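> Provided below for reference: sequence and predicted model.
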Amino acid sequence: MPAVFPRSAGLLLHVGSLPGGRLGPDAYRFVDFLAAAGQRWWQVLPVGPPGAGGSPYAALSAFAGDERLVDREGPPLDAPWVEEYATFRALHDMHRAPWPHWSRRVRAPREAVLRYARLQGAFDEEWRALKRYANGRGIGLIGDLPIFVAHDSADVWAHRDLFKLDRRGQPRVVAGVPPDYFSRDGQRWGNPHYRWERRAVFGWWVARLKRAFELFDAVRLDHFLGFLRAWEIPARERTGRRGRWAGGPGARLFAAVRKALGPLPLIAEDLGLLTPEAAALRDGLGLPGMRILQFSFGGNPEDRPHYFPRNSVVYTGTHDNDTVKGWLHAGGADPERARRYAGCRRSDFHWGMIRVAHRSPSDLAIVPVQDLLGLGSDARMNRPGTVRGNWRWRLDCRELTPSLACRLRELTEATDRIFSGGGRV
């Protein structure tokens with residue numbers, strides 16, 4: 001089966017981490033930097049309007065864009081989800097509470113609904129213009145699609161029959177993960193589980209992926225394991241310790257998606273407890289999995305980068321990891337093994353890890369901008385299991401210098417990942 005991605009490289013930068021937190025000139029400057037550095041991809045975190053806590057992984061809609069990224073209104077979008085989302089936002093503003101607590105007697109003011117529709121129109125126009133510019137310079141955009149949606153979202157509010165809710169609209173069970181590397185208590189995400197037995201869920205997913213590929217050239221499926229089985233926690237539990245594995249749709253969902261939309265360039269986020277069944281699903285679909293360098297230097301030598309499969313995406317770290325510099329300074333055997341493996345000094349550790357990623361067999365190498373800049377733990381995006389102080393880091397574009405682009409381009413060329421420019425994605 002042919003690889004999803006040609007041998008190439010890219011950078012990971014949350015759109016909300018752009019200076020000023022908006023689309024505009026800085027986004028185009030970043031595309032120019034990617035092109036100058038010989039990169040092929042810009043990977044982003046989810047771009048939906050974040051809910052409580054500011055997490056892009058708990059958005060108010062699985063279809064809408066974050067209105068904070070634009071500073072104007074545009075013509076209202078004419079699509080089925082827009083009216084649904086705009087009405088939800090108008091009512092949410094009125095009640096200032098999650099939707100199960102709303103009064104059924106209150107109607108959304110039409111002007112407020114139109115305002116949100118116009119903001120979505122502006123987001124759509126500006127995003128599509130940025131995508132055209134990036135594609136014209138040979139840069140593809142990789143989006144990020146969380147498997148679950150927030151309970152307090154337009155999606156659950158408008159499609160309650162697709163989720164495991166009680167009569168009051170509250171989740172009967174919520175998503176999370178059992179105890180793992182990140183947390184001894186596991187993680188209780190709080191998202192409602194799907195009622196996969198309902199065929200309408202498949203239609204909703206087809207529409208969701210169709211929308212995603214209007215915005216992106218490829219998509220990372222967050223928590224891919226959940227399509228086969230997901231950790232189901234009783235809603236009354238406060239941690240992820242007590243739960244059970246609930247079955248997912250498996251290959252049936254992807255067959256429905258392929259029938260409706262054709263083959264799609266997807267990345268399977270397959271981190272965590274990868275079962276043989278989940279690996280078989282990923283491989284049967286021909287999807288690249290993920291390899292994280294910060295997880296590759298423990299006690300198992302078979303995890304080392306030179307054993308990575310070709311059909312995979314290697315990262316120095318993700319939004320849930322510390323930066324590689326912060327990881328090194330935290331101490332421990334793993335980063336010291338990584339330093340020796342990279343053959344670098346502590347002062348140059350971030351470049352050592354970037355070289356390891358680029359030299360690996362993985363078809364695609366992605367480096368968070370924080371690691372490219374050699375930033376410490378204060379630039380970390382997220383600490384799993386916490387709700388404060390996350391998603392706040394902002395890029396200073398002055399640090400993306402021509403000399404830095406030249407150094408990255410030289411490494412990209414030397415490892416046969418170069419994109420020469422001049423063509424469209």
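Arrived safely, thanks for sending.
> and the residue nearest the centre of the chain, helix, strand or coil?
Most central residue of the chain, judged by C-alpha distance to the mean C-alpha position with C-alpha atoms, centre = their mean, is residue 144 at 3.0 Å. The three-state label given to residue 144 by DSSP: H, G, I helix; E, B strand; the rest coil is strand.
> Isn't it up against residue 223?
No: contact between residue 144 and residue 223 fails when scored by C-beta atoms under 8 Å: they sit 10.9 Å apart. For glycine as for every other residue, the C-beta is placed from the backbone atoms N, C-alpha and C.
> Residue ranges in the stretch 101-250 of the chain under the pLDDT threshold?
By pLDDT under 70, the low-scoring segments of the stretch 101-250 of the chain are 182.
> which stretches of it form helices?
Read by DSSP state H, counting those that start in this stretch, the stretch 101-250 of the chain holds these helices, from start to end of the chain: 110-136, 154-158, 199-215.
> I'd like those as TSV, with mean neighbour count and distance to residue 63 appended.
Shown next, in TSV, are those (neighbours: other C-beta atoms under 10 Å; distance: least, C-beta to C-beta, whole Å):
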stretch	mean neighbour count	distance to residue 63
helix 110-136	18	9
helix 154-158	23	8
helix 199-215	16	5
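> CSV for these, including distance to residue 366?
Putting those into CSV (distance: least, C-beta to C-beta, whole Å) gives the following:
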stretch, distance to residue 366
helix 110-136, 16
helix 154-158, 28
helix 199-215, 18
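> so which of those helices comes closest to residue 408?
When these are compared for distance to residue 408 using C-beta to C-beta, the nearest one is helix 110-136, at 17.2 Å.
> tell me what the closest one is packed against?
In terms of contacts (3 or more C-beta pairs under 8 Å, 6 or more residues apart in numbering; DSSP states H and E), helix 110-136 is packed against helix 25-36, helix 80-95, strand 140-146, helix 199-215.
> Out of those, which gets nearest to residue 312?
Of these, nearest to residue 312 by C-beta to C-beta is strand 140-146, at 14.3 Å.
> Please list the outside residues in contact with stretch 379-395.
Contact with stretch 379-395 is made by 13-14, 16-19, 21, 26, 30, 45, 50, 53-56, 182-183, 185, 187, 319-323, 326, 368-370, 373, 378, as judged by C-beta atoms under 8 Å, 6 or more residues apart in numbering.
> Drop anything exposed from those.
Those of the contacts of stretch 379-395 that meet the buried threshold are 13-14, 16-19, 26, 30, 45, 50, 55-56, 183, 187, 319-323, 326, 368-370, 373, by 16 or more other C-beta atoms under 10 Å.
> Now intersect those with the helices, please.
Secondary structure assignment by DSSP state H places 26, 30, 326, 369-370 of the buried ones among the contacts of stretch 379-395 in helices.
> Now tell me what touches stretch 67-84 from outside.
By C-beta under 8 Å, 6+ apart, the list of residues contacting stretch 67-84 from outside reads 15-16, 21-24, 47, 49, 61, 63-64, 113-126, 154, 158, 207, 211.
> Next, the buried residues of it.
67, 69-70, 73-74, 76-77, 79, 81-84.
> now swap in stretch 162-182 and tell me
Within stretch 162-182, the residues scored as buried using 16+ other C-beta under 10 Å are 162-165, 169, 171, 173-178.
> what residues does that stretch touch?
Under the contact criterion C-beta under 8 Å, 6+ apart, stretch 162-182 has outside partners 99-100, 148, 151, 156, 160, 185-195, 198, 200-201, 204, 226, 230-235, 240-241, 243, 246, 272-273, 295, 320, 384-385.
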